[in-house]
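> give me the fold of what follows.
(2 chains)
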Amino acid sequence: MTRNARSDGLHEDVRRFAAGAATRSFTDLALEIAAFQREFSPGFARLCASRGAALESVDDIPGVPCDAFRLARVALHPESEDRLRFLTSGTTSGARGLHAMRVTETYQELALNFGRAALLSNARAPYVVALAPLLDDPPSSSLGHMMAMFMVDFERRGQFDVRTAARWLIEERGVNLTGLEQAAARAHERGETLLVLATSFALVGVLDALEGRTLPLPPGTVVMQTGGFKGKTREIEPAELRAAMADRFGIGQAQIVSEYGMTELTSQLYEATVPGSALQRERHGTPGVYAEPPWLRVIPVDPATLEPVPTGEVGIARIVDLGNIDSAVAIQTQDRVRRVEGGIVLLGRAAGAPPRGCSLAIEEFLNSGLQ
Amino acid sequence: MSDFDSRRARLEPLFESARSLADASTPRGRLARERLVASSGLSAQGVDFALERCLEVAPDEPEIAALIRSTPTAQVAHVLLSANVFVAAHRAIAIALAASDQVRVRASRREPEMAELLLAGAPGSFQLVSELSPRSGDRLWAYGSDETMDEVAVTLPAGVALHAHGSGFGAAVLEGAHSDAELSALLTALAEDIALFDQRGCLSPRVVLVNAEREFASALARELAHELEKLEQRIPRGPLDAPELSEIAKYRDTAHFTGEVFEAGLGFVSLAHTGSWLLPPTGRNIHVLATPDPVATLSPYRPLLTSCAFAGEPARREALRRSIPGARVCRFGEMQRPPFDGPVDRRDL
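Have a look, this model is predicted:
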């Protein structure tokens, strides 16, 4: 069987798994995808060989470090078969990583499936706006692309052009507060709820623009926040930001839900807090605890040995994402996490080794933009 | 006595002190080894190797004269020392003594021993202080990370001249044809450059650029790994802390994915199959980069480069020197022993 035929078969299996019609377990699928990648990705094959272990359990699958996406192409197929190319923007370095996708349907189904479960709370379709810059064409931001998908899917009124200024409320000069007020007024008039998709630094921009005023949003409004601050604005503790947004928008704190995603992944994690959402009903989540979708598993590992740590101990997140069929089924991040009841808690990024004396630290090298 | 002679005279007690520390057969030499093992993070053999190879016990007169002539005078000379490359305290204090008869030194909190040991052998030649308080007209020579340099720069009173020597890294360039014996000698020498101070200094090589096909670069990387492994038997690496081990684990997996990794005892040599590369973590790890023009490849890194070992044609050596004017260009095996003619890092000049 050819590479693409095997890949297509795996995509079908994973979509079936995500739809709840699985005939195979998470472990079976993860191990088959890893074996497939070992066969067609020389880099992953070398990584597996360096471990010297057979791929017999999910814990055996080595995570491809996120840095690899910046230094090499992490894809089993050639560039000519790319249908989506997402670029990372995760560091202050000029170097950007690439996550190329050959099959978009799996990405779409997984993102929508868990997004609906986490963010939609009642039978009425919400009006969706993004506190993010206008989506580029073709999309290079995985987050922007996901936001656009949510607009079309969650509003349930067929295909429409999402690339309008009324939908994307971050402009060159900053937050388009008037646009957000107009979206709120529109939703109030029509008796709709609002779904605001936002980056954390955009929410800080809203707080600053409001200058202490309130901007009441319709009852049932949900705000999805994601991402760090990346030096783009002042930083606010997550709990403080959540409380401030709830206060200004006149909504419950549980309606502000955090998402965790990465360009290098296909799938996302959410807090299971939105009242009435499928995810909240199933997991009864608490703020700060990120629920994994059934097709993704976070394994906290020791930063030095990369071996799984005992449950409840802090490690860095190795993420096994069945959606990453044509790239890397396991990603090794530097995000510190701890497994708790209902999911994982994010504890911030593991700091690089601080410079000892005058040797150049890797982070300084990256930030020099000379890589 | 001329101004030059009086400046020269101030250096002599310091040189005497250094000589007695370098000699393992003296009580001071033994004491130095004992105390520096505890503070430096190096193995006992690593400390001994560094004292033997890198502490300038007999700088020649032209070098000393160059150091004195290139050092501006000051009312008071202040020195902020870095950790890890403990022998650097000697040169840093010598520069300050060439600048002034009033020298105040603040040692690194992590590695305070070398400055104390030098002072004990040259009492009264400088003052060890817990905080530096430079005033207008004084000069401060500061060594350490860029972060430390930034902090120092913003807190300095007006009128104080700052000579900041921040973070950096070293590289090695291998060009031209070499016999097997020559190549072997070059790699043996380079392994020593890498192993000294477990690579925690700004002169330590972190990348080797070679103008060759990947197959040759791969063989070279394998041989270098072998040399490092052999050297580790004689001079073990010191313990690393958790963040260092974490960076090594991350880099090692990245390197496996993007190319080849050759185990070199506790360290490794990496070789990329792509043009992009990442600086390897310290702890006796080095990256080999095959490139048709090492000089051009290295040139953009000049703001970060402090030292570059070169083996190849003299004309190319000169081209390298011109392309990285702030770095010292030297022979393999001499990266950690630059001439005693001023700061090791010439980026400030």
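
> interface residues of the stretch 51-200 of chain A facing chain B?
Within the stretch 51-200 of chain A, the positions adjacent to chain B are A:P62, A:G63, A:V64, A:P65, A:D67, A:A68, A:R70, A:L71, A:A72, A:V74, A:A95 by CB under 8 Å from any CB of the partner chain. The C-beta positions use only the backbone N, C-alpha and C, and glycine is treated the same way.

> backbone torsions only: list them for the fourth one.
A:P65 has phi and psi values of phi -60, psi 140 when expressed as degrees, to the nearest 10.

> just to be sure, B:A158 is in a helix?
No. With DSSP: H, G, I helix; E, B strand; the rest coil as the criterion, B:A158 is located in coil rather than a helix.

> can you classify the residue nearest to it when sequence neighbours are not counted as helix, strand or coil?
Counting by CB to CB, 6 or more residues apart in numbering or on different chains, B:A158 lies nearest to B:S136, which is 6.3 Å off, once chain neighbours are set aside. Under three-state DSSP, B:S136 falls in the coil class.

> tell me who's in contact with B:S136.
By CB atoms under 8 Å, 6 or more residues apart in numbering or on different chains, B:S136 lies in contact with B:P157, B:A158, B:G159, B:V160.

> picking that back up, which of the residues of the stretch 51-200 of chain A next to chain B fall in helices?
Of those, the ones assigned to helices by DSSP state H are A:D67, A:A68, A:R70, A:L71.

> near chain A, which residues of the stretch 1-150 of chain B?
Counting by CB under 8 Å from any CB, the positions of the stretch 1-150 of chain B adjacent to chain A are B:G41, B:S82, B:A83, B:N84, B:V85, B:S108, B:R110, B:Y143, B:G144, B:S145, B:D146, B:E147.

> so which pair among these is furthest apart in space?
B:G41 and B:D146 (20.9 Å; CB to CB).

> more crowded one of those two?
For B:G41 versus B:D146, the count of surrounding residues by other CB atoms under 10 Å in any protein chain shown is larger for B:G41: 23 against 19.

> and the gap between the residue nearest the centre of chain A and A:S141?
Nearest to the mean C-alpha position of chain A, by CA atoms, centre = their mean, lies A:G261 at 1.4 Å. To A:S141, A:G261 is 11 Å away according to CB to CB, to the nearest Å.

> got the domain ranges for chain B?
Domain assignment for chain B by automatic domain parsing gives B:3-167, B:169-347.

> please identify the most buried of the ones you listed.
Comparing the domains of chain B by mean neighbour count (mean count of other CB atoms under 10 Å in any protein chain shown), domain B:169-347 ranks first with a mean of 21.

> helix, strand, or coil at the residue nearest to the spatial centre of chain B?
Geometric centre of chain B, nearest residue: B:L203, 3.3 Å, by CA atoms, centre = their mean. For B:L203, the assignment made with three-state DSSP gives coil.

> what's the answer for A:H77, then?
Classification of A:H77 by three-state DSSP places it in coil.

> before we move on, back to that, A:R51: which of the domains of chain B is closest?
Closest approach to A:R51 among the domains of chain B is made by domain B:169-347 (9.0 Å; CB to CB).

> need the strands for the stretch 101-250 of chain B, in chain order.
According to DSSP state E, counting those that start in this stretch, the stretch 101-250 of chain B carries its strands in the segments B:103-106, B:127-128, B:139-143, B:161-165, B:169-174, B:205-210.

> please apply the same query to the stretch 51-200 of chain A.
Using DSSP E, counting those that start in this stretch, strands in the stretch 51-200 of chain A cover A:64-65, A:84-87, A:98-101, A:127-133, A:168-171, A:174-175, A:194-199.

> and those strands, which one is worst for confidence?
Between the strands of the stretch 51-200 of chain A, the one with the least mean pLDDT is strand A:174-175; it has a mean of 88.

> where does the residue of the stretch 1-150 of chain A found nearest chain B sit: helix, strand or coil?
In the stretch 1-150 of chain A, the residue that lies nearest chain B is A:G43 (3.9 Å; CB to the nearest CB). Following three-state DSSP, we place A:G43 in the helix state.

> burial measure for it, as a count.
For A:G43, the neighbour count with other CB under 10 Å is 22.

> same deal with A:E307?
A count of nearby residues for A:E307, using other CB under 10 Å, gives 10.

> from the chain's centre, how far out does the longest strand along chain A sit?
As assigned by DSSP state E, the longest strand anywhere in chain A is strand A:330-340. Averaging C-alpha positions (CA atoms, centre = their mean, to the nearest Å) puts strand A:330-340 13 Å from its chain's average.

> for it, which helices and strands make contact with it?
strand A:64-65, helix A:66-71, strand A:296-301, strand A:314-321, strand A:343-349, helix B:242-258 (3 or more CB pairs under 8 Å, 6 or more residues apart in numbering or on different chains; DSSP states H and E).

> wait, A:R124 sits on A:L195?
No. Using CB atoms under 8 Å, A:R124 makes no contact with A:L195, being 11.1 Å away.

> neighbour count for these two, which is higher?
Between A:R124 and A:L195, A:L195 has the larger neighbour count (other CB under 10 Å), namely 27 against 13.

> next, the contact list for that one, please.
Going by CB under 8 Å, 6+ apart, A:L195 touches A:L119, A:L120, A:P126, A:Y127, A:V128, A:V129, A:F150, A:F154, A:T221, A:V222, A:V223, A:M224.

> among the residues you listed, which are in helices?
Judged by DSSP H, the contacts of A:L195 include A:L119, A:F150, A:F154 as members of helices.

> would JSON lines of these with pLDDT be doable?
Formatted as JSON lines, these follow (pLDDT from 0 to 100):
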{"residue": "A:L119", "pLDDT": "96"}
{"residue": "A:F150", "pLDDT": "96"}
{"residue": "A:F154", "pLDDT": "95"}
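
> narrow the residues you listed to just the buried residues.
Among the ones in helices among the contacts of A:L195, those classed as buried by neighbour count (16 or more other CB atoms under 10 Å in any protein chain shown) are A:L119, A:F150, A:F154.

> Throw the ones in helices among the residues of the stretch 51-200 of chain A next to chain B into a markdown table and include neighbour count and pLDDT, thanks.
What follows is these, written out as a markdown table (neighbours: other CB atoms under 10 Å in any protein chain shown; pLDDT from 0 to 100):
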| residue | neighbour count | pLDDT |
| --- | --- | --- |
| A:D67 | 25 | 91 |
| A:A68 | 28 | 94 |
| A:R70 | 22 | 91 |
| A:L71 | 24 | 91 |
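
> okay, those in TSV with distance to A:E109 next?
Shown next, in TSV, are those (distance: CB to CB, whole Å):
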residue	distance to A:E109
A:D67	29
A:A68	26
A:R70	28
A:L71	30
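
> identify the farthest-apart pair in those residues.
Farthest apart among those by CB to CB are A:A68 and A:R70. That separation is 7.3 Å.

> show me what contacts residue 51?
You didn't pick a chain, so chain A it is. Contact partners of A:R51, counting by CB under 8 Å, 6+ apart, are A:D60, A:P62.

> chain B, not that one
Applying CB under 8 Å, 6+ apart to B:L51 gives the contacts B:L21, B:A22, B:A24, B:G29, B:A32, B:R33, B:L36, B:V87.

> show me where pLDDT drops low in the stretch 151-300 of chain A?
Within the stretch 151-300 of chain A, the stretches with pLDDT under 70 are A:228-234.

> in it, which residue sits closest to chain B?
Counting by CB to the nearest CB, the stretch 151-300 of chain A gets nearest chain B through A:E264, at 12.5 Å.

> how is that residue classified with respect to secondary structure?
A:E264 is classified as coil under three-state DSSP.
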